[in-house]
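Undergrad: Sharing a sequence plus its predicted fold:
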Amino acid sequence: DGGITQSPKYLFRKEGQNVTLSCEQNLNHDAMYWYRQDPGQGLRLIYYSQIVNDFQKGDIAEGYSVSREKKESFPLTVTSAQKNPTAFYLCASSPRVNTEAFFGQGTRLTVV
Amino acid sequence: AQSVTQLGSHVSVSEGALVLLRCNYSSSVPPYLFWYVQYPNQGLQLLLKYTTGATLVKGINGFEAEFKKSETSFHLTKPSAHMSDAAEYFCAVSEGPGGYNKLIFGAGTRLAVHP
């Protein structure tokens, strides 16, 4: 089936550790995104990528890093510099940047 | 800059009643507009979208929305609520034809449906 796969669904890490969230899509979409979701704040854009080997910062990029070495993959690393990393992280893709986005099922990260 | 305002973070209706979720946007260019639904601990699913053409857009699960340029609104409606409609709903905007911009989301409206 075509779609976006995020793994794992739940992730626990100790404070100070870097952690990488996986996002893979087989929709042949050019654009991919990472959003952070906190209660009552909607979705905030962390990073997005329009093509392979290129990505741009979103509204809350500090403490995060990404790579786009393959069209189908867009992993997100939450670094120890992110002051409040506990959140629900959503990956999405779209044929182009301003068309509708298709979302994965999300990863809930808890840092203790 | 584009932005989206969803009026009412929580809306409660009775089963069978009209659902109205409000969305206003700001955009300096013709917008593309979207409504998404999210069930607990899941990703977002597209309900409907407006790009160009007919301003009344029909989506899945009996929802529809009307693009009103003069009011900069894109409110979501459903004539008769069902218990399964209880979820969080997000309105989003992006630049229209010729634009090349990311989706901007509103803060969301949580819909509760009571028997």
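TA: That came through fine.
Undergrad: residue closest to the middle of chain A?
TA: Nearest residue to the geometric centre of chain A (C-alpha atoms, centre = their mean): residue A:34, 3.0 Å.
Undergrad: oh sorry, the question was meant for chain B
TA: Looking at chain B with C-alpha atoms, centre = their mean, the centroid-closest residue comes out as residue B:35, 3.4 Å off.
Undergrad: Now the residue nearest to the centre of chain A. Nearest residue, chain neighbours left out?
TA: What sits nearest to residue A:34 in space, not counting adjacent residues and going by C-beta to C-beta, 6 or more residues apart in numbering or on different chains, is residue A:46, at 4.3 Å. C-beta: built from backbone N, CA, C; applies to glycine.
Undergrad: Spit out the contact partners of the nearest residue to residue A:12 once chain neighbours are set aside.
TA: Setting aside the residues directly before and after it, residue A:12 is nearest to residue A:110 in space (C-beta to C-beta, 6+ apart), at 5.1 Å. By C-beta atoms under 8 Å, 6 or more residues apart in numbering or on different chains, the contact set of residue A:110 is A:10-13, A:86.
Undergrad: thinking again about what came up before, tell me the helix or strand right after the helix or strand where the residue nearest to the centre of chain B lies.
TA: In this structure, residue B:35 is located in strand B:31-38 according to DSSP states H and E. The helix or strand immediately downstream of strand B:31-38 is strand B:44-50, counting by DSSP H and E.
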